[in-house]
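A.B. asks: can't give you the sequence, but here's the structure:
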C-alpha cells in the first residue's frame, strides 16, 4: 500500500461534510421544539405548522454547532412574540416591565435548549456555542437547511438548523 | 437547605431557583463557574449546586472539576442542568464528579425526582 | 366532534377519583392533546368518540390509560424507590440462596405499560448479577398491544428518561437513538413482553419468584381484584414475593397473603396452607 503524506487538504476533498437534511428531518426537529415548548413555555403551549411568510420586526437567537456538521440552530420571531415568550419562560418571576436583556436572554436560552438537543442527535463529538441574539446568520445551501415554520399562539415562529455557508462557523 | 444555581441565562437561573425555593431551598445565583466558586470561597456552602454546562469565563465541567478537587467542599452535591445531551458528555460529567444530570428541557417534576433520588428533597416537598 | 361538557366533566371526575388530581375547567384541549394518541391507537376518529365510548361502557384498561395520560406527575422508573431497592438488597439474595445454581429466576411486571418498570428491574439485576440475562428472565405484560410493542422497542423520549432515572444508570444502560434513548440490547434480551388481560383467565406463565402488580388493582372492583390476586397467586412460587403500589394492600381483599416488611416497603407472600 502506498503511503501518502497527510496534507489535510486531500482529506477535506474526499471527506464530504454531511448536510443537515441527511441527519435531521422536520418531524424530529419539530419533536425537539415541542418538548422544549411544553416544558419551558407551558404545558398547554402547542405549536402548529404554518405556511411561513415574512416576519416584520424580526429578531433571532441562535447557537453554533461545530463538529462533523457545522452550522447554527436559529429561532426567529417578531419582537413582540419574543417578549411574550420571555414572559412565559419567567412565569411568576417576570418583572412588570421586561427589559431588552430579559427578552434576549430568554430567546437565547430557547435557542440553547433546542440547539443542544439538535446537537445531541448529530454525529459527534460537536461543540455547542453560547447563544447569540440579533439578525439571523445567513443560511447556507437549501439542502443544508432544515426549517420549520410554526405558529405559537397565532404568532409566527421559525426554527431552523442551517449549515454555515462555506462550511465554516459564521463570524461573530 | 441551600442551593446554588449557576447558569449564564438569567431566565434559567430564575426558573431553577424558583423550583428549588418551591421545595423549601434557600438559593443563590451565579452567572458562570468562576462566580460560583467565588460564592463557595466566600463560605456559603450549599448542600446542592445546579450548574449549566456552556457558560462564559468558566464552564460547568471546569466548575465540577474544581469543586471535586477541594476536600472542603466534599459535602456539596452537584447536579448538571444542561441542554448538552450526548451520551459521551453525560459520561464526562459524571466522571468529573457530577452526581446527577438533568437534560434541558426539564420540568419541575424532573428536578423533584432527581432530588428524591439524591435524598435532597425536603420533607413535605414531594406533593 | 368536539369534547362535550358532559364528557369533559366525566373525565375530570374520573381523574379526581383515581388520582386526587384536579383538572380545571378550560383544560379541554389538554385532554384532547393527551388522549388523542390513545383514541387513534384504538382506531377511533377523535378524543370525543373515545371518551363517549368509555363513558357509556367503562373498562378498566381505558380508564387506566386516561388517568395515566392526564396525571403524569409520577415517574415510572424506580417508582417509589423502595420496592426496587428491596429487590436487590433483600429479595434477590434470598431467592438466589433458595434456588439451585441452574434455576432461572422469573420476575413478572404485570401491567407493564411502556416498559419502564420492567427495564428498571432489568437494570437493577444487570448491576447486581454477573450474566444477569442467563440467571433471570423478566416477563412484561399489558392488556394493550400498543404498550406491549413499546415495551419491546425499549425506546424512550428524553423527557421520559429525565424523570426519576439515575444518570449513571442512563449512561450505563441506554444509548442514543435519534432524539430518543434506547435500552441496551442485553437488557432488552432479559425482557419478554406479551399481551395479557389480568381480569380474564391468564395464559400459562411463570411460576414467578417475584411479581410487580403496581397501581393497577385500583381500577377494578372488589370481586375482580380478588380474582386477579387469586390468579396471580396461582402463577407464583409458594415462597414468591408480590409487590403492590405504594398505597395498595391485600388487606380487606384477600387474606391468603402475609404482609412482610422489606426495607422501607412492604411485600406480600403467599400464606402457607391458605
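C.D. replies: Perfect, thanks for sending it. Computed from a predicted model, the values in this text were never measured in an experiment.
A.B. asks: now for residue 35: which residues touch it?
C.D. replies: Defaulting to chain A. Residue A:35 makes contact with A:117, B:105, C:157, C:158, C:159 under the criterion C-beta atoms under 8 Å, 6 or more residues apart in numbering or on different chains. For every residue, glycine as well, the C-beta is placed using N, CA and C.
A.B. asks: that answer is for a different chain, and I need it for chain B
C.D. replies: Here residue B:35 is in contact with B:6, B:57 (criterion: C-beta under 8 Å, 6+ apart).
A.B. asks: again, 10 Å this time
C.D. replies: B:4, B:6, B:8, B:28, B:29, B:55, B:57, B:58, B:63 (C-beta atoms under 10 Å, 6 or more residues apart in numbering or on different chains).
A.B. asks: ok, the helix or strand bottoming out on mean pLDDT in chain C near chain B or not?
C.D. replies: Taking mean pLDDT, DSSP states H and E as the measure, helix C:28-41 is the helix or strand of chain C with the lowest mean score, a mean of 80. No - Helix C:28-41 does not reach chain B (C-beta under 10 Å from any C-beta of the partner chain); its nearest approach is 14.5 Å.
A.B. asks: how about stretch A:112-131?
C.D. replies: Yes - Stretch A:112-131 is in contact with chain B by C-beta under 10 Å from any C-beta, via A:112-122, A:124-131.
A.B. asks: give me the buried entries from these.
C.D. replies: Listed as buried from these are A:112-122, A:124, A:126, A:128-131; burial here means 16 or more other C-beta atoms under 10 Å in any protein chain shown.
A.B. asks: in helices only, show me those residues.
C.D. replies: Within these, residues falling in helices by DSSP state H are A:112, A:113, A:114, A:115, A:116, A:117, A:118, A:119, A:120, A:121.
A.B. asks: ok, so of those, who is nearest residue B:23?
C.D. replies: residue A:113 (22.1 Å; C-beta to C-beta).
A.B. asks: I'd say the closest one and residue B:54 touch.
C.D. replies: No - using C-beta atoms under 10 Å, residue A:113 is not in contact with residue B:54, being 11.3 Å away.
A.B. asks: what's the closest of the ones in helices among the buried ones among the residues of stretch A:112-131 next to chain B to chain B?
C.D. replies: Distance to chain B across these (C-beta to the nearest C-beta) is lowest for residue A:116, with 2.5 Å.
A.B. asks: which residue is the nearest non-sequential neighbour of that closest one?
C.D. replies: With sequence-adjacent residues excluded and distances taken as C-beta to C-beta, 6 or more residues apart in numbering or on different chains, residue A:116 is closest to residue B:83, at 2.5 Å.
A.B. asks: count the neighbours of that neighbour for me.
C.D. replies: 26 (other C-beta atoms under 10 Å in any protein chain shown).
A.B. asks: coming back round to it: shared neighbours of residue A:113 and residue B:54, anything?
C.D. replies: Counting by C-beta under 10 Å, 6+ apart, the residues touching both residue A:113 and residue B:54 are A:63, A:131, B:82, B:83.
A.B. asks: just give me the residue closest to the centre of chain B.
C.D. replies: residue B:50 (1.1 Å; C-alpha atoms, centre = their mean).
A.B. asks: so for the helix or strand hosting it, what's the average pLDDT?
C.D. replies: Per DSSP states H and E, residue B:50 falls inside strand B:48-51. Taken as a whole, strand B:48-51 carries a mean pLDDT of 98.
A.B. asks: what's the following helix or strand after it?
C.D. replies: Assigned by DSSP H and E, the successor of strand B:48-51 is helix B:60-68.
A.B. asks: buried sites along the top helix by length along chain B?
C.D. replies: Secondary structure of chain B per DSSP H: the longest helix is helix B:10-22. The neighbour-count check on helix B:10-22 (16+ other C-beta under 10 Å) flags B:10, B:11, B:12, B:13, B:14, B:15, B:16, B:17, B:18, B:19, B:20 as buried.
A.B. asks: filter those residues by proximity to chain A?
C.D. replies: B:10, B:11, B:12, B:13, B:14, B:15, B:17, B:18.
A.B. asks: which among the contacts of residue B:35 end up buried?
C.D. replies: For the contacts of residue B:35, a neighbour count by 16+ other C-beta under 10 Å gives the buried set as B:4, B:6, B:8, B:28, B:29, B:55, B:58, B:63.
A.B. asks: the last one touches residue B:31, doesn't it?
C.D. replies: No - contact criterion C-beta under 10 Å: residue B:63 and residue B:31 do not qualify, at 11.7 Å.
A.B. asks: give me the common contacts of the two.
C.D. replies: With C-beta under 10 Å, 6+ apart as the test, residue B:63 and residue B:31 both reach B:6, B:52, B:55.
A.B. asks: which element, helix or strand, includes the most centrally placed residue in chain A?
C.D. replies: With distances taken as C-alpha atoms, centre = their mean, residue A:73 lies nearest the centre of chain A, 2.0 Å away. Using DSSP H and E, residue A:73 maps to strand A:71-78.
A.B. asks: so what secondary structure elements neighbour that strand?
C.D. replies: helix A:26-36, strand A:58-66, helix A:79-90, helix A:100-121, strand A:132-134, strand A:145-152, strand A:155-163 (3 or more C-beta pairs under 10 Å, 6 or more residues apart in numbering or on different chains; DSSP states H and E).
A.B. asks: so what strands line up beside that strand?
C.D. replies: strand A:58-66 (antiparallel), strand A:155-163 (antiparallel) (DSSP bridges).
A.B. asks: what residues does the closest residue to residue C:170 other than its chain neighbours make contact with?
C.D. replies: The shortest distance from residue C:170 to any non-neighbouring residue, by C-beta to C-beta, 6+ apart, is to residue C:161 (5.8 Å). Neighbouring residues of residue C:161 by C-beta under 10 Å, 6+ apart: B:85, B:103, B:110, C:77, C:116, C:167, C:169, C:170, C:174, C:180, C:181.
A.B. asks: give me that answer again for 8 Å
C.D. replies: B:103, C:77, C:170, C:174, C:181.
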